[in-house]
Structures are given as C-alpha cells and as structure tokens.
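Engineer: Return atomic coordinates for the entry below.
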Amino acid sequence: VRLTNGLEATRRRRALEPMADAFEKVGFGPDDNIPGYMAGPKGAPGLIVIQEWWGVTDEIRMHAARFAAANFRVLIPDVYKGKIGADKEEAHHLMSSLDFPAAVKEMAEAAKYLKSDGCSKVGVVGFCMGGALSLGAAAASDDIAAAAPFYGVNFGLFAAEMLKKPVQGHFGQEDKMEGFSDPATGRKLEADLRAAGNADAECFVYEKVGHGFLNSSPAPFASFEERTKQMGFPAYDKEQAELAWTRVIGFFDKHLRA
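Structural biologist: Prediction:
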C-alpha cells in the first residue's frame, strides 16, 4: 500500500510541477517590499498560502500549485525573506527568530494585495507555523473571509471572540506537539471558537498520521523513514491526505465563491 501511495503521489507531483515552477515573484505591502510568489487564474477567488517552518520550499509551492489548479489565485508570502531551513536546527532558529505579530500584519497586507489584484474574496491556508499565522491573520484582517490551519495553532495570536469567520482545522491523530498541533489542540480550537459564537468552526483529526501529513515528499529528509527517525512523524498516507484536500478545497469553494 505504501508503494502505491508513493507512486500516485509522484504522479500527482509531476503533473503539478509545471505550475509550481511558473510562480511569478511579486512585492506587496505599503512599499511593495514584502516578497511573495503568485499563480493561478486572475479574477478567481484569492488564497494566501503560508509556509511551514522550513520556508517557501518545493512542497509549499506544490500545495499552492494544487490550489491554483483548483481555480484559486494563490499568493505565497515569503515569511523568511528568501531564507530556507536546510535542517531542523536551522528551521527552528528561523521560526524562533520570527516576529509573529509583524508576520500577521504582512499576511493582512497579502490579503489587501489579492483584493487589489481582482479577487472578490480572499481566504488563508497555512501549514505548521503557517497554520498559526493563518488564524492570526484571519482575526486581524477584514479582507480575509475564511481560514484553514493545518497542524498549527498559536492561541496568543488571536482572541476567539475576534474570529467569527469560517475556520476549518486539520490535525493528525499521531501529532505529538502538545499545545501547538496535537489532537487536543485541534479540539480546543474548535471548542473555543464555537463557545465564542462561531458556528462555522470545525476541526478534523485524521487517523494514522501526524504532523506534516499533507506532505507527499519527505524533504528535507532523504526518505520518510529518515523523517520518522529525525522528527517522529509517521509516513505519508495518501488516503488521509486526499481526504484533507477534498475537505479544504470544498471549504474554500463554499466560502469564497458565494
């Protein structure tokens, strides 16, 4: 089964590679000095795609390319301004050095940019660190209509009472990052938002997978076995990943195309 998962994931990646390589580099913000990458049909609903702690990697480009192929105008803000975490120590250093409130403001600028580019509605999706930023951005920006965090929450970046927009969270049952992305954190996110009056908040927990479960590549590790050894994450599970893709694209279709 794992071999089949790998072959199918490879075929999908190859199909998306031309689009992932075709991103246009842009600058946005008051001085046009916040770097990012844009793709997808002009005039389509906008989607901010926020990186993991590694940076704007090939995997993040692949995620964004898949959203673009689903008829979204996507913008990847380069949170690290060109830097990439080549290993977990460097990624940890980059994330630890990040000014998160300032990054949230940059995500709000990304939403303004997509609106000015012709997107009638804008959503935000983020992964790991980007998941946390997606929630902060959705609470801070009137230009963002919906948010989908994947395995990442920082409750210090937003007040539940300020986040009444649709939220769809995605978490792995085997995620061990307590207080950030484990199943209990996902359940707390949903409970807190609903208690604050958000009837459109829902978080899904996926069996047999952990942190980073949407990634069909083990990069920056040479194999999923090495990733498991170094990070403790289970291997890629196509069935669970595809279920999450179906849900998140349906979520944005519902809330950004109305």
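Engineer: Quick check: bridge partners of the residue nearest to Asp78 when sequence neighbours are not counted?
Structural biologist: Distances taken as C-beta to C-beta, 6 or more residues apart in numbering place Pro35 nearest to Asp78, at 4.3 Å, with adjacent residues excluded. For glycine as for every other residue, the C-beta is placed from the backbone atoms N, C-alpha and C. On the basis of DSSP bridges, Pro35 is bridged to Gly27.
Engineer: separation between Pro35 and Tyr113?
Structural biologist: 12 Å (C-beta to C-beta, to the nearest Å).
Engineer: now do Phe252
Structural biologist: 18 Å.
Engineer: same check, this time on Gly152
Structural biologist: Separation of Gly152 from Tyr113 (C-beta to C-beta): 23 Å.
Engineer: more crowded one of the two?
Structural biologist: For the pair Gly152 and Tyr113, the greater number of neighbours falls to Gly152 (27 against 24), based on other C-beta atoms under 10 Å.
Engineer: Please settle this for me: is the more buried one part of a helix?
Structural biologist: No - read with DSSP: H, G, I helix; E, B strand; the rest coil, Gly152 is coil and lies in no helix.
Engineer: Could you pull up the contacting residues of the nearest residue to it once chain neighbours are set aside?
Structural biologist: Among residues not flanking Gly152 along the chain, Gly131 sits closest, at 2.8 Å (C-beta to C-beta, 6+ apart). Gly131 is in contact with 50, 149-153, 169, 181, counting by C-beta atoms under 8 Å, 6 or more residues apart in numbering.
Engineer: can you put those in JSON lines and add distance to Gly43?
Structural biologist: Shown next, in JSON lines, are those (distance: C-beta to C-beta, whole Å):
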{"residue": "Ile50", "distance to Gly43": "22"}
{"residue": "Pro149", "distance to Gly43": "26"}
{"residue": "Phe150", "distance to Gly43": "26"}
{"residue": "Tyr151", "distance to Gly43": "31"}
{"residue": "Gly152", "distance to Gly43": "30"}
{"residue": "Val153", "distance to Gly43": "32"}
{"residue": "Gly169", "distance to Gly43": "29"}
{"residue": "Ser181", "distance to Gly43": "34"}
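Engineer: Looking at those residues, which one is closest to Val209?
Structural biologist: In terms of C-beta to C-beta, no member of the contacts of Gly131 lies closer to Val209 than Tyr151, at 9.5 Å.
Engineer: ok, now which ones touch the closest residue to the closest one other than its chain neighbours?
Structural biologist: Distances taken as C-beta to C-beta, 6+ apart put Ser181 closest to Tyr151, at 4.0 Å, once the chain neighbours are dropped. The contact partners of Ser181, taken as C-beta under 8 Å, 6+ apart, are 128, 131, 151-153, 171-172, 175, 211.
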